[in-house]
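In: For reference, the sequence and a predicted model appear below.
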Amino acid sequence: MLRVRELESFYGGSQALFGMELGIDAGEVVTLMGRNGMGKTTTVHTIMGLMPARRGTVEFEGKRVDGLPSFRIARLGLGLVPEGRQIFPNLSVRENLIAAGANRTNRPSPWTIERVYEFFPRLAERQRNMGNQLSGGEQQMLAIGRALMTNPKLLILDEATEGLAPLIRQEIWDCLGRLKREGQAILVIDKNISHLLPLADRHHIVEKGRVVWTGSSTALAGDKDLQHRYLGV
């Protein structure tokens with residue numbers, strides 16, 4: 001579904017990605033893991049066309065998308081839950097969801113407001129509240145719901161549970177597990193290894209702008225030295 005090959009990106013004259021490589025197949029959950037500042041968000045921004053690639057390719061369903069504007073990439077079926085949520089603070093929960101609603105990929109059972117409310121009952125309770133009146137956890141639910149309203153073929157979550165209370169984090173993980181069971185392809189960035197291991201099919205560990213390890217949950221769980229070297233604080 002998604003293939004990233006030899007991707008290089010720069011912030012001005014400073015190189016951030018050095019030959020980034022990753023892939024996701026339909027129905028897979030794949031992670032990008034690594035310490036802060038190693039290039040995970042930059043990879044997502046480059047995939048989504050939010051910053052240009054200097055070199056390399058990004059292919060989605062066999063079509064090169066690097067060089068396309070971000071709105072065209074999104075319309076092909078990539079839905080982003082950005083770091084920091086970035087919901088519309090002066091719109092209500094319902095208006096945030098309506099603003100994103102589309103089924104450009106002709107999904108047979110599309111996401112609707114009612115389906116998002118069933119998925120996140122708390123959003124139904126707060127549907128008339130403005131975005132800036134929600135807690136951090138509710139904002140993250142809204143950001144996920146807004147991305148789902150675009151009916152994405154691939155859902156990308158950047159820092160899926162960062163800064164959330166434990167109970168809310170667990171709710172987010174439960175929802176991601178449910179999405180996986182429904183066949184949703186997901187690329188997720190997070191630091192919570194204990195929840196990522198049972199959820200994901202494959203993992204990519206990023207160090208200084210490049211993937212230094214790729215493997216299964218079983219392989220990652222069994223290599224404590226690898227976890228300490230690249231993921232430990």
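Out: Looks like it came in fine.
In: nearest spatial neighbour of residue 153, skipping sequence neighbours?
Out: residue 77 (3.4 Å; Cβ to Cβ, 6 or more residues apart in numbering). For the C-beta atoms, the positions are set from N, CA and C on the backbone; glycine is no exception.
In: Show the contacting residues for the one you found.
Out: 60-61, 104-105, 151-154 (Cβ atoms under 8 Å, 6 or more residues apart in numbering).
In: Give me the buried entries from those.
Out: Those of these that meet the buried threshold are 60, 151-154, by 16 or more other Cβ atoms under 10 Å.
In: related to what we said a few turns ago, need the contacts of residue 77 in CSV with distance to residue 188, can you?
Out: Converted to CSV, the contacts of residue 77 look like this (distance: Cβ to Cβ, whole Å):
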residue, distance to residue 188
60, 17
61, 20
104, 23
105, 20
151, 18
152, 13
153, 15
154, 11
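In: Including secondary structure, pLDDT and distance to residue 217, could those residues go into a markdown table?
Out: Below are those laid out as a markdown table (DSSP: H, G, I helix; E, B strand; the rest coil; pLDDT from 0 to 100; distance: Cβ to Cβ, whole Å):
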| residue | secondary structure | pLDDT | distance to residue 217 |
| --- | --- | --- | --- |
| 60 | strand | 97 | 25 |
| 61 | coil | 95 | 26 |
| 104 | coil | 83 | 33 |
| 105 | coil | 77 | 29 |
| 151 | coil | 95 | 28 |
| 152 | coil | 95 | 23 |
| 153 | coil | 95 | 23 |
| 154 | strand | 97 | 20 |
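In: and which of those is nearest residue 34?
Out: Nearest to residue 34 out of the contacts of residue 77 is residue 154 (Cβ to Cβ; 20.2 Å).
In: and the closest one, what does it touch?
Out: 1-2, 24, 60, 77-79, 185-187 are the contacts of residue 154 under Cβ under 8 Å, 6+ apart.
In: sec struct for residue 228, please.
Out: helix (DSSP: H, G, I helix; E, B strand; the rest coil).
In: how many other residues sit next to it?
Out: 10 (other Cβ atoms under 10 Å).
In: can you pull the buried residues of the helix of greatest length in the chain?
Out: Longest helix of the chain, by residue count under DSSP state H: helix 166-181. By 16+ other Cβ under 10 Å, the buried positions in helix 166-181 come out as 168-169, 171-173, 175-176, 179-180.
In: hmm, who's touching the next helix or strand after that helix?
Out: Of the helices and strands lying after helix 166-181 in sequence (DSSP states H and E), the nearest is strand 185-189. When contacts are defined by Cβ under 8 Å, 6+ apart, strand 185-189 is touched by residues 1-2, 24-33, 40-41, 44, 83, 153-160, 176, 179-180, 196, 199-200.
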